[in-house]
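Trainee: Give me coordinates for this.
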Amino acid sequence: MNRTTWARLRLELRVIGIAPPVTALAATLGGAILVIVMHATGASAEHLNIAAGAVLAGFAPLGTAVAASSIVGRDSGAELVMTTTVYRRVLFLRVGLVVVPAALVTLVDAVVFRALNAWPEGQGTDGYVLVWAPPMLWLVTLAMLTAIGLRSSGAASGLIGGLWLAQELMGPAIRDNTVLRTQYMFMGVAAKVPAHEWTVNRIALPAVGVVAVIAAGLLLGHPERFVGSDTA
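Mentor: Sure, this is the predicted structure:
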């Protein structure tokens, strides 16, 4: 990268602030430490598997999604940005600066968990990515779309948190529904999932994520609607 690119990235990181990166990484790193401590203190294989699955498929996507939604509206100079560049590029860049590091750390977590034999039941090496990446993409893009659509990062975080909690608490009912189980983010750690249901779920989650990104981009094509709200 040239000096101009590095300067731009540093500027965007200053605009983002410290809170979103900390939010995105706290659950991932904290969960990894918990699993390592459990392993070191002789926790059972069953408990290790459950903890690893919760970090990869649950807490890492949630923390990253909340961080992504909080970035919307972080620029106090929104009007100036809108007159000098395409705002969707700015916002997607800022989200990427938080989501990409979180994804890389989660991948490292998966490798470490596998090495410790702390691994979701029934998952193979494809789980290094497929256990956490589809739900992370799904939840992050829905968080962005909600924040942009409602023009409120706080409301988006609340709704995304509620969706995550509902999926956690209502897992059996969701898995029994033909339509809802395609959007069940914890399918990667659910025991004894038929192969075809797993495949459909892992495809359907990122597919909805792509649709959410497109919808968010379309909304950001009219950035003037965000001026004066609590989002940029």
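Trainee: I'd like the next helix or strand past the helix or strand of the chain with the lowest mean pLDDT.
Mentor: The weakest-scoring helix or strand in the chain, judged by mean pLDDT, DSSP states H and E, is helix 78-84 (a mean of 48). Using DSSP states H and E, the helix or strand that follows helix 78-84 towards the C-terminus is helix 87-115.
Trainee: Which residues in that next one does the neighbour count mark as buried?
Mentor: Under the neighbour-count criterion of 16 or more other C-beta atoms under 10 Å, helix 87-115 has 87-88, 90-92, 94-95, 97-99, 102-103, 105-107, 109-110, 113-114 buried. Any C-beta I mention is one placed from the backbone N, CA and C, and that applies to glycine too.
Trainee: Tell me the gap between that helix and the middle of its chain.
Mentor: Centroid displacement of helix 87-115 relative to its chain, using C-alpha atoms, centre = their mean, to the nearest Å, is 8 Å.
Trainee: Next: stretch 161-170.
Mentor: With C-alpha atoms, centre = their mean as the basis, stretch 161-170 stands 14 Å off its chain's centre.
Trainee: residues of that stretch that come out buried?
Mentor: Along stretch 161-170, these residues count as buried under the neighbour rule (16+ other C-beta under 10 Å): 163-164, 167.
Trainee: One more: stretch 125-138?
Mentor: 127-128, 130-138.
Trainee: From those residues, pick the one nearest Gly53.
Mentor: For those, the minimum distance to Gly53 (C-beta to C-beta) is 7.2 Å, reached by Val131.
Trainee: How about the closest one: what's its closest non-neighbour residue?
Mentor: Gly188 (3.9 Å; C-beta to C-beta, 6 or more residues apart in numbering).
Trainee: And the helices in this protein, which stretches?
Mentor: Along the chain, the stretches classed as helices by DSSP state H are 3-16, 19-40, 45-54, 60-71, 78-84, 87-115, 127-130, 133-150, 153-169, 171-175, 195-220.
Trainee: tell me the most buried of the ones you listed?
Mentor: Of all the helices of the chain, helix 60-71 carries the top mean neighbour count, a mean of 28, counting by mean count of other C-beta atoms under 10 Å.
Trainee: Remind me what it packs against, helices and strands.
Mentor: Here helix 60-71 touches helix 19-40, helix 87-115, helix 133-150, helix 153-169, going by 3 or more C-beta pairs under 8 Å, 6 or more residues apart in numbering; DSSP states H and E.
Trainee: got the angle between it and helix 45-54?
Mentor: Inter-element angle recorded for helix 60-71 and helix 45-54: 20 degrees (by axes from the mean of the first three to the mean of the last three C-alpha atoms, to 10 degrees).
Trainee: Mind putting the helices of the chain into TSV with distance to Gln183?
Mentor: Shown next, in TSV, are those (distance: least, C-beta to C-beta, whole Å):
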stretch	distance to Gln183
helix 3-16	29
helix 19-40	21
helix 45-54	18
helix 60-71	13
helix 78-84	33
helix 87-115	20
helix 127-130	16
helix 133-150	7
helix 153-169	8
helix 171-175	8
helix 195-220	6
